[in-house]
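Asks: My questions concern the predicted model and sequence given below.
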Amino acid sequence: MARPDSRKLDHLIATLQRGARTYDELMADDRLELSRRSLQTYLDEHLAALGYTVVRGVAPGPPRRATFAIPTADDEPHGGVVDRAAYSLARGFLEGLFPLDGTTLDALTRRRNSRVLAFASGVPKFTEHHMRALMKWIAASEQDPPRAVMLRYDRASGPRATSAVVEPRVVWPVGVIVREGRRVYLPGLVSPAESLDDARNFALDRVLAGPRDCGVWVAESAEQHPSEFLLHSRPRPQELVHAPFGLVRPSVSDHPVMVAVRFDAAQAVYVRDRRWFPKQEEHTTADGSLELRFGPVDRREAVAWCSQWIDGLTVLGDARLREAYVASLRTRLRAAERV
């Protein structure tokens, strides 16, 4: 499909939003200068590609003539204001992570100058190969029966590797996890993929592209033998993380902890009624402080959560969390004193 003239497209949208028009009225518009055939293409294809719904009607009186209009009410049907707002929201979120030029979402939103801005600090530098890897991962995770992919992945430990020294591995994609609006993880199961014990969360920014691939590709047919667990349980991303608190599910061997903290009155106003755990308890004290309790959660995740508050937070318990949190503070203090 050839690209439309952006000025003609904008004028056509504005015209049809003001009221219904016939073919003859539109072809007589000097700012459009479209033949009947070209006009049909704009109405049937270009407007639909941007998410607009063109409502067809009939002009009153003989002769009967077809009319065209674009509704503007907030309650218009599929393809209308609500859908376009959803596209705008999607773009505002995604363009802070990935390059969108040339994608369908770019085509759906670029003419409307998205009014949604979503940002997060510390976003990894995602490139086109990360976007392609993400799309291939999602496509594989949606297959039934499950489909394995080859993943070339640079482990977090040690210096950054290159694709030449990293051997790809077989992984069964489960879906995608976006944490805190900035980190993108690829949850999947590794061999033997017989339970959630084989689940891993791979960071998208550590996927390595090769000379001829984006770091993710469909595995050979010899590798496409899903386990009984994969065939019948079909795990979901929600089962691999401890949402909404953290990425790591607590295990008995890692000694999970209960979070019990107090925010002073100045901080309490920013914390009250925020959700970190499916079941949590809040209590406001006489001096305006807020006590918050939830768990069990992974101990390292709990320490990291407590450490995000610059001031105004007191860790009440449990004892293992207090000990780990204080040890973390002391370590950082010693490091600062050495500078």
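Replies: Structure received. Residues are numbered from 1 along each chain as shown.

Asks: CA atoms for contacts and neighbours, from now on please.
Replies: Noted.

Asks: all strands for the stretch 1-150 of the chain, in order.
Replies: 21-22, 55-58, 66-69, 149-151 (DSSP state E, counting those that start in this stretch).

Asks: Name the stretch among the ones you listed that sits most buried.
Replies: strand 149-151 (a mean of 24; mean count of other Cα atoms under 10 Å).

Asks: Each with direction, which strands does it pair with?
Replies: Here strand 149-151 is paired, per DSSP bridges, with strand 169-173 (antiparallel), strand 216-218 (antiparallel).

Asks: Quick one: distance of the last one to the chain centre.
Replies: Relative to the centre of its chain, strand 216-218 is centred 21 Å away, using Cα atoms, centre = their mean, to the nearest Å.

Asks: Next secondary structure element downstream of that strand?
Replies: Remark: after strand 216-218, the chain's next helix or strand is helix 228-233, criterion DSSP states H and E.

Asks: Just the CA coordinates for that following helix, please, in PDB.
Replies: Output of helix 228-233 as PDB, limited to C-alpha atoms (Å, rounded to 0.1, in the frame of the first residue of the first chain):
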ATOM      1  CA  GLU A 228       4.500 -33.100  29.800                       C
ATOM      2  CA  PHE A 229       4.600 -30.200  32.300                       C
ATOM      3  CA  LEU A 230       4.800 -27.700  29.400                       C
ATOM      4  CA  LEU A 231       2.100 -29.400  27.400                       C
ATOM      5  CA  HIS A 232      -0.400 -29.600  30.200                       C
ATOM      6  CA  SER A 233       0.500 -26.800  32.700                       C
END
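
Asks: Buried residues, it. List them.
Replies: Buried positions in helix 228-233, judged by neighbour count with 16 or more other Cα atoms under 10 Å: Leu230.

Asks: go on, stretch 180-189?
Replies: Gly181, Arg182, Arg183, Val184, Tyr185, Leu186, Pro187, Gly188, Leu189.

Asks: One more: stretch 324-331?
Replies: For stretch 324-331, by 16+ other Cα under 10 Å, it's Tyr325.

Asks: Thanks a lot, see you next time.
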